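Novice: Give me the fold of what follows.
(one chain, ligands or ions: 2)
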Amino acid sequence: MNLKRYQEAIESSNIVSKTDINGIITFVNDEFCKISGYKKEELIGKNHNIIRHPDVPKENFERLWNTILAKKTYVSTVKNLAKDGSTFYVNTTVIPMVNENDEIEEFIAIRYDVTENVKLTKELKKKEEELEQLNSTLELRVKKQTQELRELNENLEKRVKEEVEKNREKDRFLFQQARLASLGEMIGNIAHQWRQPLSELGIILYKIKKVFKRKNLDTDEFQEVYQEAKNVIKKMSDTIEDFRNFFNPHRPKEVFLVREALDEAMIVMQRTLEKYNIRLDVICSKEVKIEGYKSEFSQVLINLLNNSKDAFIKNDINNRVIVLEIKKFNEKYAMVVFKDNAGGICESIIDKVFEPYFTTKHASSGTGVGLYMSRMIVQNSMNGSMDVENIEGGVCFKIKIPVCKEKEI
Ligand SMILES: Nc1ncnc2c1ncn2[C@@H]1O[C@H](COP(=O)(O)OP(=O)(O)OP(=O)(O)O)[C@@H](O)[C@H]1O
Ligand SMILES: [Mg+2]
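Specialist: Numbering: from 1, shown residues only. Ligands and ions are numbered 1, 2, ... in the order given. Predicted coordinates for the structure are as follows:
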């Protein structure tokens, strides 16, 4: 009687089934029917694997059978398939029942529903994974942001450096301009003081001519020397005027032939080239007009000629040749290509030669502003460019300036 009560108690609170030794269902309680969705008559006489879920691996069943055939109790959480295709989870205990001869007669399976638990555990696991994922992406995002910040910082540093450099350049330029202004003032004073004696010299020369004429010494030879002296005086007063213009910041731009600027430069440089035995070959296939300041541009050519002269002397070159080519480039630019054979510039310093105050010369012979000023003139006053490179045996300076449009000429 008591046993029956036990049986009732278990059956009412658990999912119970019985199978024969081959796994054929011999008994199911109401709870079993409820959870599996099958009616009793659909189950009795069928193999217990009717509720087997395809996800459950074969090995699990092998383990089950091995255990229960060895007359041991099998305990496990099992995933099952209901009639309607839904899944349910049950904690299962399968007990082999033996008779008095110790032979297995049947198996009783007692289960209770843990579907909700399993679902919750799964959900929890999913959430944990999501959290982990979030954590790792968070780390990644923090890393990315740190990287961005670092880049911003580096950029900022770079920009500060650039600005400082720009400011320094501006300072140099202002200093340069101040120097030029005081130089201009000085030249102005010299010009003022020289103009008077120069015209006096002209008058004296004229008096000499009169005396010579009176004494009939007015020969052709005298005439020639007299003319030469007059030319020198004129040249001197022109040069003074040029210098004054050169330092005048308000002078208007003019249109001129590159060739004319070279001629002006030669007025100053002719004697020097002769003295140091330097041959100048000018190749000018086409006259090219540009706009800017002729005397400044002459100054650029003078700087180049002087630099070559210094290099010829320093390197003790015998056959001294400078080739100056004036041509058009792409019809849009005037090109002045200036080559010498004075030995070239050491590659380690060639990038520095346009920097202000860069010089390899003794303080008394070079200030290091020649090329700096030249490039300033070409770039700033004439919208051009000026570059240098070494060539076989010497250097090559290339000056490129936009040509004047025809209607402006
Ligand atoms: N034709 C050249 N051959 C070899 N070196 C040159 C030549 N032209 C320039 N250099 C080098 O470039 C340097 C800078 O030239 P830059 O004309 O600017 O200054 P500088 O001649 O030294 O002094 P400054 O022109 O102010 O009197 C020179 O000191 C020299 O070392
Ligand atoms: Mg120089």
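Novice: where does the stretch 51-200 of the chain dip in pLDDT?
Specialist: Applying pLDDT under 70 to the stretch 51-200 of the chain flags the ranges 176-177, 179-181, 183-184.
Novice: can you do 90?
Specialist: Counting by pLDDT under 90, the low-confidence segments of the stretch 51-200 of the chain come to 61, 118-119, 132-143, 154, 157, 163-199.
Novice: For the helix or strand harbouring residue 65, could you pull out the residues that count as buried?
Specialist: Here residue 65, judged by DSSP states H and E, is contained in helix 58-69. Judged by neighbour count using 16 or more other Cβ atoms under 10 Å, the buried positions of helix 58-69 are 64, 67-68. C-beta coordinates here come from the backbone N, C-alpha and C atoms, glycine included.
Novice: Throw the residues you listed into TSV and include distance to ligand 2, thanks.
Specialist: Shown next, in TSV, are the buried residues of helix 58-69 (distance: Cβ to the ion, whole Å):
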residue	distance to ligand 2
64	102
67	103
68	107
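Novice: Just list what the helix holding residue 65 packs against, helices and strands only.
Specialist: The helices and strands touching helix 58-69, judged by 3 or more Cβ pairs under 8 Å, 6 or more residues apart in numbering; DSSP states H and E, are strand 74-81, strand 87-98, strand 104-113.
Novice: and that helix, how far from the chain's centre?
Specialist: 69 Å (Cα atoms, centre = their mean, to the nearest Å).
Novice: Start the count at 27 instead of 1 going forward.
Specialist: Done: numbering now begins at 27, and the last item shifts to helix 84-95.
Novice: and it, C-alpha only, in CSV?
Specialist: Extracted C-alpha coordinates of helix 84-95, given in CSV (Å, rounded to 0.1, in the frame of the first residue of the first chain):
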residue,chain,number,x,y,z
LYS,A,84,25.1,9.3,-30.7
GLU,A,85,27.8,8.8,-28.0
ASN,A,86,25.3,10.1,-25.3
PHE,A,87,23.0,7.2,-26.1
GLU,A,88,25.9,4.7,-26.1
ARG,A,89,26.8,6.0,-22.7
LEU,A,90,23.2,5.6,-21.5
TRP,A,91,22.9,2.1,-22.7
ASN,A,92,26.3,1.0,-21.4
THR,A,93,25.4,2.4,-18.0
ILE,A,94,21.9,0.9,-17.6
LEU,A,95,22.8,-2.4,-19.2
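Novice: how far off strand 113-124 does that helix point, in degrees?
Specialist: Interaxial angle, helix 84-95 versus strand 113-124 (axes from the mean of the first three to the mean of the last three Cα atoms, to 10 degrees): 30 degrees.
Novice: If I take the helix ranked longest in the chain and strand 100-107, what angle do their directions form?
Specialist: In the chain, assigned by DSSP state H, the helix with the most residues is helix 141-240. Calculated by the same axes, to 10 degrees, helix 141-240 forms an angle of 70 degrees with strand 100-107.
Novice: now the helix or strand following helix 141-240 against helix 141-240, angle please.
Specialist: Where DSSP H and E defines the elements, the next helix or strand beyond helix 141-240 is helix 246-272. With the same axes, to 10 degrees applied, the angle from helix 246-272 to helix 141-240 works out at 150 degrees.
Novice: tell me the contacts of the residue in the chain positioned nearest to ligand 1?
Specialist: Nearest to ligand 1, among the residues of the chain, is residue 396, at 2.4 Å (Cβ to the nearest ligand atom). Shown in contact with residue 396 (Cβ atoms under 8 Å, 6 or more residues apart in numbering): 329, 332-333.
Novice: try residue 298
Specialist: 304, 331-332, 335.
Novice: mind checking how far it is from residue 336?
Specialist: 11 Å (Cβ to Cβ, to the nearest Å).
Novice: rewinding a little: quick one: distance of the longest helix of the chain to the chain centre.
Specialist: With Cα atoms, centre = their mean as the basis, helix 141-240 stands 16 Å off its chain's centre.
Novice: what about the closest residue to residue 143 other than its chain neighbours, how many neighbours?
Specialist: The shortest distance from residue 143 to any non-neighbouring residue, by Cβ to Cβ, 6 or more residues apart in numbering, is to residue 115 (7.4 Å). Using other Cβ atoms under 10 Å, residue 115 has 20 other residues around it.
Novice: what does the one 5 residues further on give?
Specialist: Neighbouring residues of residue 120 were enumerated by other Cβ under 10 Å; the total is 22.
Novice: So for the residue of the chain closest to ligand 1, what pLDDT did the model give?
Specialist: For residue 396, the pLDDT comes out at 87.
Novice: Next: residue 433.
Specialist: Looking at residue 433, the pLDDT reads 47.
Novice: need the residues of the protein near ligand 2, please.
Specialist: 333, 396 (Cβ under 5 Å from the ion).
Novice: thinking again about what came up before, packing partners for the longest helix of the chain?
Specialist: Judged by 3+ Cβ pairs under 8 Å, 6+ apart, the packing partners of helix 141-240 are strand 113-124, helix 246-272, helix 396-402.
Novice: Just say which of those is most tucked in.
Specialist: helix 396-402 (a mean of 21; mean count of other Cβ atoms under 10 Å).
Novice: helix or strand for residue 384, which one?
Specialist: Going by DSSP H and E, residue 384 is not in any helix or strand.
Novice: Quickly list what the residue nearest to residue 143 is bridged to.
Specialist: When bridges are taken as DSSP bridges, the partners of residue 115 come out as residue 105.
Novice: Good, we can wrap up now.
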